[in-house]
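J.: Predicted model and sequence below, questions to follow.
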Protein chains: 2
Amino acid sequence: MSGRRDALRAALGDIVVLTEPAAVEPYRRDRALDPGAGVPLAVVLPETTAQVQAVMRWASEHGVPVTPRGAGTGLSGGATAIEGGIVLGTERMRAVRIDVDTRMAVVQPGLLNAEVKAAAAAAGLWYPPDPASFEICSIGGNAATNAGGLCCVKYGVTADYVLGAEVVLADGRAVVLGGPRLKDVAGLSMLKLFVGSEGTLGVITELTLRLLPAPPPARTVVAWFDGTERAAAAVFAIASRIRPSMLEYMDRISVNAVEDVLHMGLRRDAAALVVARSDDQHPGGAEIAVMLRAFADHGATEAFEADPAAGERFAQARRMAIPAVERLGPLLMEDVGVPLPLLADLVKGVEAIAAERGVAIAFIAHAGDGNTHPLIVHDPADPDLTERARLAYGEVMDLAIRLGGTITGEHGVGRLKRPWLAGQIGDDLLGISREVKRALDPGGILNPGVIFAAEVPDAPGEPAVPGAQ
Amino acid sequence: MSGRRDALRAALGDIVVLTEPAAVEPYRRDRALDPGAGVPLAVVLPETTAQVQAVMRWASEHGVPVTPRGAGTGLSGGATAIEGGIVLGTERMRAVRIDVDTRMAVVQPGLLNAEVKAAAAAAGLWYPPDPASFEICSIGGNAATNAGGLCCVKYGVTADYVLGAEVVLADGRAVVLGGPRLKDVAGLSMLKLFVGSEGTLGVITELTLRLLPAPPPARTVVAWFDGTERAAAAVFAIASRIRPSMLEYMDRISVNAVEDVLHMGLRRDAAALVVARSDDQHPGGAEIAVMLRAFADHGATEAFEADPAAGERFAQARRMAIPAVERLGPLLMEDVGVPLPLLADLVKGVEAIAAERGVAIAFIAHAGDGNTHPLIVHDPADPDLTERARLAYGEVMDLAIRLGGTITGEHGVGRLKRPWLAGQIGDDLLGISREVKRALDPGGILNPGVIFAAEVPDAPGEPAVPGAQ
């Protein structure tokens, strides 16, 4: 491999190339900790589009697989190194420019979501998409996964804000998709195809993002429940009547995990917590009244409007949920979504799976849009538990599919959810999607094994036990 | 051809098949009146997805090109019959179902946009996209072109409201893309690729649309200008500071053409009319004040808030503009868009082209999002004028491209704008788009000549003079 490394270094000139095992190690996996991760030939950290092109040209010429990587915060194994491949990290591509007059941001992919938000805010504007990991995830990764967040229930997902992109194709050509125009239907919408393609079609090197005026002030309502289905029913009652700007759910396990970290006085004995926000500016605050009424009607043990500081603490508690639950053990992280009328069925079904398999499943959710994160705790030292967790992981996705839902609402298929994809979208759609992938990446070098089974000879085959390390 | 027609009839059983010349004639062209339209083998009018599949299977087996057609109101020749091909009209597919609790509509493609709006409104909900032709255009055609409208400046385009679709592929297989879920990132976003693909990738047989709560009441401000560039500058000043729910522009030619029809007392001597709306519900109506101030600052000769009835008359005047200008003669209809700071440059540039070529170009625009419709009047009885109009048609698109804009903001490329597409998006992007098209329609039977040059032997080649009849 060292001869190939030397050839790569020689070809890439000034581009940062990491090959020492200790330097490479942090780039082998994202937060899904895919046990199937290989040892790459090198990690390359380009700073310009031209440098990304040079990397892709070399990889293409040599048939070497490339794993595009943002900040490595993905939860589905979408940034898993391939044995002998190249990890192409965008962390050094950090330019940002805000155009106040047209309310747009032009950013390189390595900028963090929080940095985009901050740059917009400094200009009096707002970039809405807000994954719970917004302080540590990259904007390029957000676009590659079509990331969601807490605001999506009212303000939509990343794709709704991407007006343009520059991408480098498998063969090293750079193309510009869309641009700083609110309406543009010239040709196939390759832009929207690339958003959410998880690095399988090209490498995003620049994004043009739509911004909104500064967000209106929001009010927060908090409700506690002693039954999870009642909480889910209250969520549906609210979302079907108004448009909350946030509508989040946490179960007892996640509430307790967060309380262990934050010590903010959360109710450890409650079955569920719902945190709702309204930024509706109609005089009279009718949405707050609708929320309080829905919580009362569905048997909340307590429901109240929080003052702004307390409201922010509850939102922060929700954002802390995944890191807090991670302290209980390694997680198999679900991202299933269902049509909102079936949210209570999903909650109940996941509880049944947890009971039957004898595993702890923390349940947090962007409940207002039906997108949920059951988090299955396991223990690598306990192979039997790990096997039961693995079975539960599949059963939760099977349940979501049966309920007419999705195996992934915002994290992406990555490598870990790939075996369930055909079950949701069907063999025909998977087949034509694969034809599109082949059309754009005939050599199959872009993120092989993600979304689609790998087609290059030296890429790993089926993923190993998800989450087992 | 009659043998083939008999075979088609036999294969399609109960499906309505039109073959008589008089019956076929109305289906040969859309409103672009493409002079290159052929005489199709037949017009088929299926009522179910299974019937659409039967048509596509037959066409695929026999290598016969298919022109998918909604209501035939397209303005770029996207629904132009191919000589010896099949026109597949969706006008009999008219089912609609509204789900109030999830705020979604499930519709068949033949329903008119206005009928979708009406069904939503009857349930207290709102389907925002509003092409000026909303009373006569089909929802399937809206999705196929990613249609825009007057509300897009604040509420986005058709793609922003399409959550799911059922499509029939070239070979007759039906696949479901997306569904009734607000977040779903399972696999490549084939749904968003199909929206705006102008019938080149498949036939849309069902759509799942996101609805909003009933629209808030809007207030209307009207301004008259004696200079077009001042009007464009006022538009930019407004759009860069607030989010109007409508921001429309009409020049002197279009104002006079509309006044000829509506006799509502429009100012025939003004250079430009701007109609702006705000549906902001903040107490105090700050947006109205911003609008009035911007109009005053940019030298409006008159600016005032219209009462609701008058406001609706002005909006109606804007919607009437294309039909009214069509009375002046056949039109070459542009749909160019530019980044908003360059709107005044586009206005000025089009005026220069009109003067230089000696043609009348009416200029109307969804000005707030930079999407404009210069309408070039010609006369088939005057070949010299028609040639100058044809040259101007290309020059306006070339100008938009030079200004970093698009040749089509909402109408689609169709057949008539195809020669300019590579100039905007580049050969590389056009090339990979074509590879995607080939991956999904290897026989090239779906709407050949639209977006991409035709690849089937019996399809016409380059379009003839656009608009000449």
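T.: It's in.
J.: now whichever residue of the stretch 151-300 of chain A sits closest to chain B, what's its secondary structure?
T.: Residue of the stretch 151-300 of chain A nearest chain B, by C-beta to the nearest C-beta: A:Lys192 (3.4 Å). Quick note: C-beta positions are derived from backbone N, CA and C, even for glycine. With DSSP: H, G, I helix; E, B strand; the rest coil as the basis, A:Lys192 sits in helix.
J.: Look up how far A:Gly164 lies from the closest residue in space to it that isn't next to it in sequence.
T.: Of all residues not flanking A:Lys192 in the chain, B:Lys192 sits nearest, at 3.4 Å (C-beta to C-beta, 6 or more residues apart in numbering or on different chains). The spacing between B:Lys192 and A:Gly164, counted by C-beta to C-beta, to the nearest Å, is 15 Å.
J.: Those two: which has the busier surroundings?
T.: Per other C-beta atoms under 10 Å in any protein chain shown, whichever of B:Lys192 and A:Gly164 has more neighbours is B:Lys192, with 25 against 19.
J.: my guess is that one meets B:Asp160, correct?
T.: No. With contact defined as C-beta atoms under 8 Å, B:Lys192 and B:Asp160 do not form a contacting pair (10.0 Å).
J.: shared neighbours of these two, anything?
T.: Common contacts of B:Lys192 and B:Asp160 (C-beta atoms under 8 Å, 6 or more residues apart in numbering or on different chains): none found.
J.: was I right about A:Ile218 contacting A:Leu247?
T.: Just to correct that, residue A:218 is Ala rather than Ile. No. Using C-beta under 8 Å, A:Ala218 is not in contact with A:Leu247; the gap is 11.8 Å.
J.: Those two: which is more packed in?
T.: Taking other C-beta under 10 Å, A:Ala218 and A:Leu247 do not tie; A:Leu247 has more neighbours (28 against 18).
J.: list residues touching both of A:Ala218 and A:Leu247?
T.: What both A:Ala218 and A:Leu247 touch, as defined by C-beta under 8 Å, 6+ apart, is the set A:Arg277.
J.: For the stretch 351-469 of chain A, which residues are neighbours of chain B?
T.: For the stretch 351-469 of chain A, the residues in contact with chain B (C-beta under 8 Å from any C-beta of the partner chain) are A:366, A:369-371, A:404-413, A:417, A:421, A:424-426, A:428-430, A:432-433, A:435-440, A:451.
J.: Buried only: go through the residues you listed for me.
T.: A:366, A:369-371, A:405-413, A:417, A:421, A:424-425, A:429-430, A:432-433, A:435-437, A:439-440, A:451 (16 or more other C-beta atoms under 10 Å in any protein chain shown).
J.: what comes up buried for stretch A:258-267?
T.: For stretch A:258-267, by 16+ other C-beta under 10 Å, it's A:Val258, A:Glu259, A:Leu266, A:Arg267.
J.: pretty sure A:Leu193 contacts B:Lys192?
T.: Yes. Shown here, A:Leu193 and B:Lys192 form a contact pair, counting by C-beta under 8 Å, at 6.6 Å.
J.: Can you tell me which residue of the stretch 251-400 of chain A sits closest to chain B?
T.: For the stretch 251-400 of chain A, C-beta to the nearest C-beta, closest residue to chain B: A:Asp369, 4.0 Å.
J.: show me where pLDDT drops low in the stretch 201-350 of chain A?
T.: Applying pLDDT under 70 to the stretch 201-350 of chain A flags residues A:283-284.
J.: same question but for the stretch 1-150 of chain A, I mixed them up
T.: Scanning the stretch 1-150 of chain A for pLDDT under 70 picks out the ranges A:1.
J.: Tell me the residues of it that contact chain B?
T.: Those residues of the stretch 1-150 of chain A that sit near chain B, judged by C-beta under 8 Å from any C-beta, are A:Val100, A:Asp101, A:Thr102, A:Arg103, A:Thr145, A:Asn146, A:Gly148.
J.: I'd like these as CSV, with secondary structure and distance to B:Lys348 appended.
T.: As requested, these are exported to CSV (DSSP: H, G, I helix; E, B strand; the rest coil; distance: C-beta to C-beta, whole Å):
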residue, secondary structure, distance to B:Lys348
A:Val100, coil, 24
A:Asp101, coil, 19
A:Thr102, coil, 19
A:Arg103, coil, 24
A:Thr145, helix, 43
A:Asn146, coil, 39
A:Gly148, coil, 43
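J.: Among those, give me the pair with the biggest separation.
T.: Spatial extent of the residues of the stretch 1-150 of chain A next to chain B (C-beta to C-beta) is set by the pair A:Asp101 and A:Thr145 at 30.1 Å.
J.: Looking at these two now, which is surrounded by more residues?
T.: Neighbour count, other C-beta under 10 Å: between A:Asp101 and A:Thr145, A:Thr145 has more, with 31 against 13.
J.: where does A:Val175 land in three-state SS?
T.: Once three-state DSSP is applied, A:Val175 turns out strand.
J.: OK, contacts around the nearest residue to it once chain neighbours are set aside?
T.: Nearest residue to A:Val175, sequence neighbours excluded (C-beta to C-beta, 6+ apart): B:Leu429, at 4.5 Å. Contact partners of B:Leu429, counting by C-beta under 8 Å, 6+ apart, are A:Val175, A:Val176, A:Leu177, A:Gly187, A:Met190.
J.: Next: A:Gly148.
T.: A:Gly148 makes contacts with A:Pro129, A:Pro131, A:Val157, A:Thr158, A:His366, A:Asp369, A:Asn371, A:Gly409, A:Glu410, B:Lys183, as judged by C-beta under 8 Å, 6+ apart.
J.: thinking again about what came up before, quick check: the two most widely separated of the buried residues of stretch A:258-267?
T.: Among the buried residues of stretch A:258-267, A:Val258 and A:Arg267 lie farthest apart (C-beta to C-beta), at 11.4 Å.
J.: what does the stretch 201-350 of chain A put close to chain B?
T.: Proximity of the stretch 201-350 of chain A to chain B (C-beta under 8 Å from any C-beta) is limited to residues A:201, A:212-213, A:236, A:240, A:242-243, A:281-283, A:337-341.
J.: from the middle of its chain, how far away would the helix ranked longest in chain A be?
T.: Identified as the longest helix of chain A according to DSSP state H is helix A:418-440. Computed by C-alpha atoms, centre = their mean, to the nearest Å, the chain-centroid distance of helix A:418-440 equals 20 Å.
J.: model confidence over that helix, on average?
T.: The average pLDDT within helix A:418-440 is 98.
J.: Would you reformat the contacts of B:Leu429 as JSON lines and include pLDDT?
T.: Output for the contacts of B:Leu429, formatted as JSON lines (pLDDT from 0 to 100):
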{"residue": "A:Val175", "pLDDT": "98"}
{"residue": "A:Val176", "pLDDT": "98"}
{"residue": "A:Leu177", "pLDDT": "98"}
{"residue": "A:Gly187", "pLDDT": "98"}
{"residue": "A:Met190", "pLDDT": "98"}
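J.: Would you format those as CSV with neighbour count included?
T.: What follows is the contacts of B:Leu429, written out as CSV (neighbours: other C-beta atoms under 10 Å in any protein chain shown):
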residue, neighbour count
A:Val175, 21
A:Val176, 17
A:Leu177, 27
A:Gly187, 28
A:Met190, 24
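J.: quick one: the helices in the stretch 101-250 of chain A?
T.: A:113-122, A:139-145, A:152-155, A:190-194, A:228-239 (DSSP state H, counting those that start in this stretch).
J.: Just the pLDDT for the residue positioned nearest the centre of chain A.
T.: By C-alpha atoms, centre = their mean, chain A has its centre lying nearest to A:His411, at 3.1 Å. We have a pLDDT of 97 for A:His411.
J.: My guess is it contacts B:Ala186. True?
T.: No. Taking contacts as C-beta under 8 Å, A:His411 lies outside contact range of B:Ala186: 10.2 Å.
J.: Now distance to A:Ala50 too, for the residues of the stretch 1-150 of chain A next to chain B, in JSON lines please.
T.: Below are the residues of the stretch 1-150 of chain A next to chain B laid out as JSON lines (distance: C-beta to C-beta, whole Å):
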{"residue": "A:Val100", "distance to A:Ala50": "29"}
{"residue": "A:Asp101", "distance to A:Ala50": "29"}
{"residue": "A:Thr102", "distance to A:Ala50": "27"}
{"residue": "A:Arg103", "distance to A:Ala50": "29"}
{"residue": "A:Thr145", "distance to A:Ala50": "25"}
{"residue": "A:Asn146", "distance to A:Ala50": "27"}
{"residue": "A:Gly148", "distance to A:Ala50": "32"}
